[in-house]
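# could you look at this predicted model? Sequence included:
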Amino acid sequence: MGTAAARPVTEAEPPSGAAPCREELRGRTVVVKFGGNAMVDAALLEAFARDVVELRHVGLLPVVVHGGGPQISSMLDRLGLESRFEAGLRVTTPETMDVVRMVLTGRIQRDLVGVVNAHGPFAVGLSGEDAHMLTAVRRRAEVDGRLVDIGLVGEVVAVAPETVRTLLDEGRIPVVSPIARGDDGQIYNVNADLAASALAVALGADRLVVLTDVEGLYADWPHSTEVIERLTAAELGELLPGLASGMRPKMEGCLRAVRAGVARAQVVDGRVPHALMRGICSENGPGTTVVPDERPGSEGPGGKEDGA
Ligand SMILES: Nc1ncnc2c1ncn2[C@@H]1O[C@H](COP(=O)(O)OP(=O)(O)O)[C@@H](O)[C@H]1O
Ligand SMILES: CC(=O)N[C@@H](CCC(=O)OP(=O)(O)O)C(=O)O
């Protein structure tokens, strides 16, 4: 497990320009989770859109899964409704679910589709409800070793990635809202990190990149901002139960992804312009990288991809 001191978030990054991305990633699928906390201003949203389009131009196949937790909370607040979380998951009443759906699919997804499409007819917005893309069952949250009811929160149990794949084949950039449908037609609120992870696995993606509002996974949060640069699935599995709220589903998503065949999962600072492009295309990307465990006879954790 490698660590590094945090970089200042205000540091100006060079624009990625038309920098070539690593040749071995050409034609590979990359699932990018854009967290609500990383959507802090219009300039960053625009930089994100440019990066996603640029990834497509250099031959990768990006799929965006968006969050919007802070935006949902602020709308609930305006409506006089309570926001409550257990183990990083929003306690979701039927009334809350209406607001979640409205904010995620009706506003955030539309905003993202709009900024990407300023560059051409690339983005198509979808909800996990569409064409049975994400099927979920109701889940509970584990709090102090007890399972507690958190309402209409879903655990994704099946993914039908064909619609997303068809859009990718057409040269589009799918933008997916983390909402799922139960077999009985019930609509569930799904944490966006876990939705992105499930979709990455089902698509056989090469990468999962999670953009958030910190430099990566801090080794001793909130006491220090020393970032864990790289860790294996086994190392992450040991840390996971002790992680605090926001990072818990994020790192759980990364762990599930690498355990199910995604070659690398990264947590990157979405407040830094062009962090996405740098995270994917540079040899030593910023933030925290999770790699699969070393297999006997492989060239290191993650096998050949590990050279990345
Ligand atoms: N070990 C940790 N390292 C970094 N951030 C952490 C850690 N534990 C908890 N956090 C919190 O998790 C937050 C990110 O999660 P979250 O707020 O859900 O973001 P997002 O909207 O991007 O999903 C950080 O802003 C930080 O406050
Ligand atoms: C069950 C659950 O917690 N769902 C999340 C969905 C949005 C999300 O995950 O947004 P971020 O990635 O910005 O946190 C919520 O209601 O806030």
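Ah, there it is. Numbers count the residues shown, from 1 in each chain. Ligands and ions are numbered 1, 2, ... in the order given.

# anything in stretch 236-247 near ligand 1?
Yes. Shown here: stretch 236-247 in contact with ligand 1 (C-beta under 6 Å from any ligand atom) through Leu243, Ala244, Gly246, Met247. For glycine as for every other residue, the C-beta is placed from the backbone atoms N, C-alpha and C.

# could you list the low-confidence segments of this structure?
Low-confidence segments of the chain (pLDDT under 70): 1-20, 296-308.

# which part of it gets nearest to ligand 2, residue-wise?
Residue of the chain nearest ligand 2, by C-beta to the nearest ligand atom: Gly67 (2.2 Å).

# what residues are up against the closest residue to that residue other than its chain neighbours?
Nearest non-adjacent residue to Gly67, counting by C-beta to C-beta, 6 or more residues apart in numbering: Ala192, 3.7 Å away. Contacts here follow C-beta atoms under 8 Å, 6 or more residues apart in numbering; on that basis Ala192 touches Lys33, Gly35, Gly36, Val65, His66, Gly67, Gly68, Gly69, Pro178.

# helices or strands up against whatever helix or strand the fourth one lives in?
For Val65, the host element (DSSP states H and E) is strand 61-66. Using 3 or more C-beta pairs under 8 Å, 6 or more residues apart in numbering; DSSP states H and E as the contact criterion, the elements in contact with strand 61-66 are strand 29-34, helix 42-57, helix 109-117, helix 162-169, strand 173-177, helix 192-203.

# partner strands of the fifth one, with direction?
Paired with strand 173-177 in the same sheet, following DSSP bridges, are strand 61-66 (parallel), strand 123-127 (parallel).

# is any residue of the shortest one near ligand 2?
The one in question is strand 123-127. No. Strand 123-127 is not in contact with ligand 2 by C-beta under 6 Å from any ligand atom; minimum separation 12.1 Å.

# and the angle from that strand to helix 162-169?
Inter-element angle recorded for strand 123-127 and helix 162-169: 170 degrees (by axes from the mean of the first three to the mean of the last three C-alpha atoms, to 10 degrees).

# the following helix or strand past strand 123-127 and ligand 2, any residue contact?
The helix or strand immediately downstream of strand 123-127 is strand 134-143, counting by DSSP H and E. No. Residues of strand 134-143 are not located near ligand 2 by C-beta under 6 Å from any ligand atom, the shortest gap being 8.7 Å.

# distance from the helix or strand following strand 134-143 to the middle of the chain?
Per DSSP H and E, the first helix or strand lying C-terminal to strand 134-143 is strand 146-159. Taking C-alpha atoms, centre = their mean, to the nearest Å, one finds strand 146-159 lying 18 Å from the centre of the chain it belongs to.

# list the buried residues for strand 146-159?
Of the residues in strand 146-159, Ile150, Gly151, Leu152, Val153, Gly154, Glu155, Val156, Val159 count as buried by neighbour count, 16 or more other C-beta atoms under 10 Å.

# cool, stretch 193-211 as well?
193-203, 205-211.

# so which of these are also by ligand 1?
Among the buried residues of stretch 193-211, no residue is within reach of ligand 1 (C-beta under 6 Å from any ligand atom).

# now the helices for the stretch 201-308 of the chain?
For the stretch 201-308 of the chain, the helices defined by DSSP state H, counting those that start in this stretch cover 233-239, 247-259, 275-281.

# what's next to the second one, contact-wise?
Read it as helix 247-259. So helix 247-259 is contacted by 33, 87-89, 191, 193-194, 196-198, 200-201, 205, 208, 210, 212, 217, 221, 233, 236-237, 239-240, 243, 264-267, 290-292, 302 (C-beta under 8 Å, 6+ apart).

# gap between that helix and the chain center?
Its chain's average C-alpha position is 10 Å from that of helix 247-259, according to C-alpha atoms, centre = their mean.

# same check, this time on the first one
Distance, stretch centre to chain centre, for helix 233-239: 19 Å (C-alpha atoms, centre = their mean).

# which residues touch it?
Counting by C-beta under 8 Å, 6+ apart, residues outside helix 233-239 touching it are Met1, Leu231, Met251, Cys254, Leu255, Val258, Arg259, Val290, Val291, Pro292, Asp293.

# one more pass at 7 Å, please.
Met1, Met251, Cys254, Leu255, Val258, Arg259, Val290, Pro292, Asp293 (C-beta atoms under 7 Å, 6 or more residues apart in numbering).

# now render the residues you listed as a markdown table, adding neighbour count.
Converted to a markdown table, these look like this (neighbours: other C-beta atoms under 10 Å):
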| residue | neighbour count |
| --- | --- |
| Met1 | 13 |
| Met251 | 24 |
| Cys254 | 33 |
| Leu255 | 21 |
| Val258 | 25 |
| Arg259 | 18 |
| Val290 | 28 |
| Pro292 | 23 |
| Asp293 | 15 |
